[in-house]
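>>> here is a sequence with its predicted model. Questions after.
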Amino acid sequence: MIPNRSPWIAQLKRTRPIVPLSQDSHADIAIVGGGIAGIVSAFFILHYTNHSVVLLEADKIAHGATGHNAGQLTSYFERPLADIAREFGVSMAIDGQKSVESAWGLIEHIITTAHLRTPLYTFTGAAGFSDSAHVFAHLHDNLIRKQGGLLPEHMYISAEWLANQTIPEQYTGLYSALPHSHILEKLEAKHSGYIAVMESKKGCMNSALFSEELAGYLVATFPDRFHLYEGSPVKNVRLHESSATVTTARARVHARRVVLCTNGFEKFSLINEYGRAIDTSFHASVAGRIGYMSGYVDSTQQKPTAVSYFPSNHADSHDPTGESYFYLTRRPHEHSDAGPATLTCTGGPEKVLPNGAEYSRHDFYDEDIQESIADFMDLHYKPHTKKADTVFQWHGLMGYTPDGIRRVGVEPRNPVLLYNLGCNGVGILPSVYGGKRIAQILRGEVLPPSIFDPRDILDE
Ligand SMILES: Cc1cc2nc3c(=O)[nH]c(=O)nc-3n(C[C@H](O)[C@H](O)[C@H](O)COP(=O)(O)OP(=O)(O)OC[C@H]3O[C@@H](n4cnc5c(N)ncnc54)[C@H](O)[C@@H]3O)c2cc1C
């Protein structure tokens, strides 16, 4: 039986006592959920407006997906950009891509403004592909980027593989040929099956430490306008014509607007007293998947990196998307003063959370999953050192929206309610961008329609 032990939670040095909501209160804005989405939304609302904010967290700040992820900063959608362009048009898809990429600057802005000490590593990361379907899909995404005025990402294809392929003319200029051995070097791969690599800006950050530090900054900087209550699970949100009542076990918050930053899974009901019912469509629209990770520390000093591996021989995986891949992040180990060390974390295996089933972060970690990650590392990752002990094994819950795109904006059935949720596997940069967008909406800005607008929650 392996306990759920995340390196990001292990690095938190909490000193703040848990203060639950114990008496009824009033605020302009009630935020439900204290992961990175809730905390960053609070940051931007407090900086962009004069509103007062109450944040209600069921457990502790950053102990949800924010404390159990891979900590990889990356800006891709878990769905081809070309597919998003087919649904929304090239211009809106590219605007969505640019919005997510704008979060790089927002994170730096937050770190500077709030004097955070959470390390942020940025570098060129990679994704390795083993079959033609992946290669062509990414070339096509690159074409969409170019059509929309974004720089294409660097795609390198094995010269040996290209010798037996015909690449459609429309992709000319969107890739370069490299000897196969160089492709493997870029991926630090020992498995020879990779035929192409795509490079893009990536980063590593402990999003839990970032959120925890940011919470401390907000509490200290806005004592009159920001109130944080942890250990305060919300039971129901009642929406009126121009206000809402948010009820926890012990007390209620009366607010003008409510922002749900709950990732998607919450044991609460949404009661709309002013318009059509929301509850069923909301809960049915976010599906749960448990993601599993494992990490080891060794006493080497290696440069930070983030690589996604799409192997061709993993058709037997449990991944519900059928799109089995492994993602690896490597960074300096920041947990102890025992000299330089590197923390290497790998994830990939996922399990579907059956509809209605409950997930607990206290559940044990599955041993076969640990083996599947270890097998992958042995076969694919060249620097893998079997000598190092696996010191962290963890799982976390992800909320997938039907279209794989984060929901950020106003609930069409009652604008008192807003969302910044739906992690969809890659959620750190989108939640940060989402926090800014929520604050812009609450400041009264009229924003152009976006791929993030909560539309499908309306359609039952
Ligand atoms: C295994 C795994 C790997 C991942 N890897 C990456 C990655 O490499 N890169 C990336 O960008 N993203 C990754 N993600 C996704 C990313 O972690 C999330 O999208 C991101 O942390 C956004 O978090 P959030 O604030 O929306 O949700 P969360 O961090 O889950 O926060 C939601 C909060 O809401 C609270 N809450 C829920 N219900 C209630 C209620 N009724 N009352 C009060 N509070 C409530 C929860 O307790 C929780 O703290 C990964 C996720 C997992 C699980």
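Nice, I can see it. Numbering: from 1, shown residues only.
>>> need the per-residue pLDDT for the closest residue to the ligand within the chain.
Closest residue of the chain to the ligand, Cβ to the nearest ligand atom: G427 (1.8 Å). In this view, the C-beta of every residue, glycine as well, is placed from N, C-alpha and C. Listed pLDDT for G427 reads 95.
>>> so who does it touch?
I36, A37, A65, N69, N263, M398, R406 (Cβ atoms under 8 Å, 6 or more residues apart in numbering).
>>> tell me the two of these that are most distant?
Between any two of these, the greatest separation by Cβ to Cβ is 14.4 Å, found for N69 and R406.
>>> phi and psi next, for the residue of the chain closest to the ligand.
Per-residue torsions, G427: phi -130, psi 0 (degrees, to the nearest 10).
>>> distance check, it against C204.
Distance from G427 to C204, counting by Cβ to Cβ, to the nearest Å: 15 Å.
>>> return the set of buried residues in the lowest-mean-pLDDT helix or strand in the chain.
Ranked by mean pLDDT, DSSP states H and E, the weakest helix or strand in the chain is helix 279-284, scoring a mean of 79. For helix 279-284, the buried set under the neighbour-count rule, 16 or more other Cβ atoms under 10 Å, comprises S281, F282, H283.
>>> does the ligand sit close to it?
No. Interface with the ligand: helix 279-284 contributes nothing (Cβ under 6 Å from any ligand atom), its closest point being 11.7 Å away.
>>> which helices and strands does that helix pack with?
Applying 3 or more Cβ pairs under 8 Å, 6 or more residues apart in numbering; DSSP states H and E, one finds that helix 279-284 makes contact with strand 269-272.
>>> could you list the alpha-carbon positions for the strand it packs on in CSV?
Listed next in CSV are the C-alpha coordinates belonging to strand 269-272 (Å, rounded to 0.1, in the frame of the first residue of the first chain):
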residue,chain,number,x,y,z
SER,A,269,-25.7,22.0,-5.4
LEU,A,270,-26.4,25.0,-7.5
ILE,A,271,-29.9,26.4,-7.0
ASN,A,272,-30.9,29.0,-9.6
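>>> where's that strand relative to the chain centroid, distance-wise?
26 Å (Cα atoms, centre = their mean, to the nearest Å).
>>> residues contacting that strand, please?
Here strand 269-272 has contacts from K235, N236, V237, R238, L239, I278, D279, F282, R413, N414, L417, using Cβ under 8 Å, 6+ apart.
>>> let me see the mean pLDDT of stretch 226-244.
97.
>>> buried residues of that stretch, list them for me.
Applying 16+ other Cβ under 10 Å to stretch 226-244 flags F226, H227, L228, Y229, E230, G231, S232, V234, V237, R238, L239, A244 as buried.
>>> adding secondary structure, write those out as CSV.
CSV is the format used below for the buried residues of stretch 226-244 (DSSP: H, G, I helix; E, B strand; the rest coil):
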residue, secondary structure
F226, strand
H227, strand
L228, strand
Y229, strand
E230, coil
G231, coil
S232, coil
V234, strand
V237, strand
R238, strand
L239, strand
A244, strand
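>>> which of those residues are close to the ligand?
Answer for the buried residues of stretch 226-244 near the ligand (Cβ under 6 Å from any ligand atom): V234.
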